[in-house]
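>>> next come a sequence and a model predicted from it.
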Amino acid sequence: MLLQTCIAPVNIALIKYWGKRDEALILPINDSLSMTLSTDQMCAKTTAAVGSDFKENKMWLNGEEVQFEDNCRTVKCLDEIKRIAQLQGTAKFPLDWKLHICSENNFPTAAGLASSAAGYACLVYTLAKLYGVQNEELSKIARLGSGSACRSIYGGFVQWIKGEDENGNDSIAVQIENEEHWPNMHVLILVVNDNRKKVGSTKGMQRSVLTSDLLKYRADVVVPKRIFEIKNAIKEKNFEKFAEITMKDSNQFHACCLDSYPPCVYMNDVSHAIIDFVHKYNEMVGEVRIAYTFDAGPNACLYLLQENVADVLLAIKKFFPNDNDGSVEYLKGIPIDLKNKKDENIFNCESKPIGRNFFKYIIHTKIGNGPKSLIEEESLLNEVGLPKSFNP
């Protein structure tokens, strides 16, 4: 048996991808741009193994066995990796050997936290390592699994170019800046609801493309300008401009969802309370220190610089108190030292909490790099190719 284990990161879009011009090839109607998050806090982990004694392709996802052949996107990714391996002659085993795949996310799946992006990027990267594929366009293969997965092939800031070719050969992701360019860029993820979305992203996009006039205007007119502007803001490390573009694009994305018929509603009252908080905080401190963005879900991703993390967290604690505050299960990720930190008293004494226990937990993370291989001891599969947690 030969195996490979890898991890891949989550990416959160600053300029959103919403809508396809080709469903089968997952070709978007507009460019998008994202920031990759550190795998130290959030990642997908995949082990792929081949063996001469494997009778059939098998797959386990987050502890449950799934029907491999029923997952057409996984099959597409595998077929493309095998096609390239055959052309390059890189596989060290017969290509007809069966495959066992085990994958886990260390964060909620299908809750609007880009789990599919990390999952398919990890799958493709792991398969490429297993089959010896050396291909600079792995993002194109990852795109066949999940559109936003193409951006998780790289670290730092990444642009997914929508492309023009009907076959999708020019619809790839490219790294704009690596993770070292803006190393003090941090993120607080406020997890409002980690349940599965009521309207999946695929169905939501289809509905928006068919019914939203605003979406077409966004793709044709607004996004090209915003891509240009945010790339300049990132290059210049202009946080105020970066924040403005990010928040406006999040707002417009959700406006397109509401402009769809029937409307796709991904945010909730807590989401809107977070938006109000961010604008109030920025106004009271006299500068833009926080930017919000919401993917297709109610959870908020707050961008901020490392030097402002403690102050912002104190404000969050004040306006969104939680009975679990102080628990290691509530504030996760990079530790935040608040021992000698005092409230700036930027809010007057009449300010009252917005709501109690609005968040399930908070994740503190930062900008990160792309996928990487792990040592064999970190495999999710045992010596016979079954999940290590498997109980016959």
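Structure's in. What do you need? Residues are numbered from 1 along each chain as shown.
>>> okay, stretch 198-205 in CSV with CA atoms only?
The C-alpha trace of stretch 198-205 is given here as CSV (Å, rounded to 0.1, in the frame of the first residue of the first chain):
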residue,chain,number,x,y,z
LYS,A,198,-31.0,25.8,4.2
VAL,A,199,-30.2,26.8,0.6
GLY,A,200,-26.9,25.3,-0.7
SER,A,201,-24.5,27.5,-2.6
THR,A,202,-25.0,25.5,-5.8
LYS,A,203,-28.7,25.9,-5.8
GLY,A,204,-28.5,29.5,-4.6
MET,A,205,-26.2,30.4,-7.5
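>>> how distant is it from the center of its chain?
Relative to its chain's centre, stretch 198-205 lies at 16 Å (C-alpha atoms, centre = their mean, to the nearest Å).
>>> domain map for this structure?
2-178+371-378, 185-366 (automatic domain parsing).
>>> list the contacts for residue 27?
By C-beta atoms under 8 Å, 6 or more residues apart in numbering, residue 27 lies in contact with 20-21, 162-163, 168, 171. C-beta: built from backbone N, CA, C; applies to glycine.
>>> likewise for residue 170?
161, 163-164 are the contacts of residue 170 under C-beta under 8 Å, 6+ apart.
>>> put the buried members of those residues into a PyMOL selection.
In PyMOL, a selection of the buried entries from those looks like this (16 or more other C-beta atoms under 10 Å):
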select buried, resi 161+163
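>>> so which of the contacts of residue 170 is the closest to residue 73?
residue 163 (18.8 Å; C-beta to C-beta).
>>> quick check: the closest one vs residue 280, distance?
From residue 163 across to residue 280, the span is 41 Å (C-beta to C-beta, to the nearest Å).
>>> could you redo the contacts of residue 27 as a markdown table and give each row distance to residue 52, pLDDT and secondary structure?
Output for the contacts of residue 27, formatted as a markdown table (distance: C-beta to C-beta, whole Å; pLDDT from 0 to 100; DSSP: H, G, I helix; E, B strand; the rest coil):
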| residue | distance to residue 52 | pLDDT | secondary structure |
| --- | --- | --- | --- |
| 20 | 40 | 98 | strand |
| 21 | 43 | 97 | strand |
| 162 | 42 | 98 | coil |
| 163 | 40 | 97 | coil |
| 168 | 35 | 96 | coil |
| 171 | 37 | 98 | coil |
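>>> if we can go back for a sec, any chance of the contacts of residue 170 in a markdown table, with distance to residue 250 too?
Converted to a markdown table, these look like this (distance: C-beta to C-beta, whole Å):
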| residue | distance to residue 250 |
| --- | --- |
| 161 | 21 |
| 163 | 24 |
| 164 | 27 |
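>>> the protein: helices as residue ranges?
For the chain, helices defined by DSSP state H occupy the ranges 72-88, 115-131, 138-145, 201-211, 213-217, 223-236, 239-259, 269-285, 309-319.
>>> low pLDDT regions in the stretch 251-392 of the chain?
Within the stretch 251-392 of the chain, the ranges that satisfy pLDDT under 70 run 340-350, 390-392.
>>> please, where are all the strands along it?
With DSSP state E, counting those that start in this stretch, the ranges of strands along the stretch 251-392 of the chain come out as 291-293, 300-305, 331-333, 361-366, 372-373.
>>> of all the ones you listed, which lies closest to residue 137?
The closest of the strands of the stretch 251-392 of the chain to residue 137 is strand 372-373. By C-beta to C-beta, the value is 18.7 Å.
>>> show me which residues of stretch 378-392 are buried.
379-381, 385-387.
>>> pick the most deeply packed of the domains of the chain.
Mean neighbours per residue, mean count of other C-beta atoms under 10 Å, is largest over the domains of the chain for domain 2-178+371-378, with a mean of 21.
>>> end-to-end on that one?
With C-alpha to C-alpha, to the nearest Å as the measure, the ends of domain 2-178+371-378 fall 14 Å from one another.
>>> now it: how far from the chain's centre is it?
Mean C-alpha position of domain 2-178+371-378 versus that of the full chain (C-alpha atoms, centre = their mean) differs by 12 Å.
>>> do the same with stretch 364-379
14 Å.
>>> where does pLDDT dip in the stretch 1-150 of the chain?
Along the stretch 1-150 of the chain, the parts satisfying pLDDT under 70 run over 108-114.
>>> export stretch 358-373 to CSV, keeping only CA atoms.
What follows is stretch 358-373, C-alpha atoms only, in CSV (Å, rounded to 0.1, in the frame of the first residue of the first chain):
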residue,chain,number,x,y,z
PHE,A,358,-25.2,35.2,20.2
PHE,A,359,-22.1,33.3,19.2
LYS,A,360,-21.3,29.6,19.6
TYR,A,361,-17.6,30.3,19.5
ILE,A,362,-15.0,32.6,18.1
ILE,A,363,-11.9,31.6,16.0
HIS,A,364,-8.8,33.8,15.9
THR,A,365,-6.6,33.1,12.9
LYS,A,366,-4.5,34.9,10.4
ILE,A,367,-3.3,34.9,6.8
GLY,A,368,-1.7,31.6,5.9
ASN,A,369,0.0,29.5,3.2
GLY,A,370,-1.2,26.8,0.8
PRO,A,371,-1.5,23.0,1.1
LYS,A,372,1.4,20.9,2.4
SER,A,373,2.3,17.2,2.9
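>>> how far does it sit from its chain's centre?
From the chain centre to the centre of stretch 358-373 is a distance of 9 Å (C-alpha atoms, centre = their mean).
>>> just stretch 311-329 next, same as before
For stretch 311-329, the distance to the chain centre is 24 Å (C-alpha atoms, centre = their mean).
>>> what's the span of that stretch, first residue to last?
21 Å.
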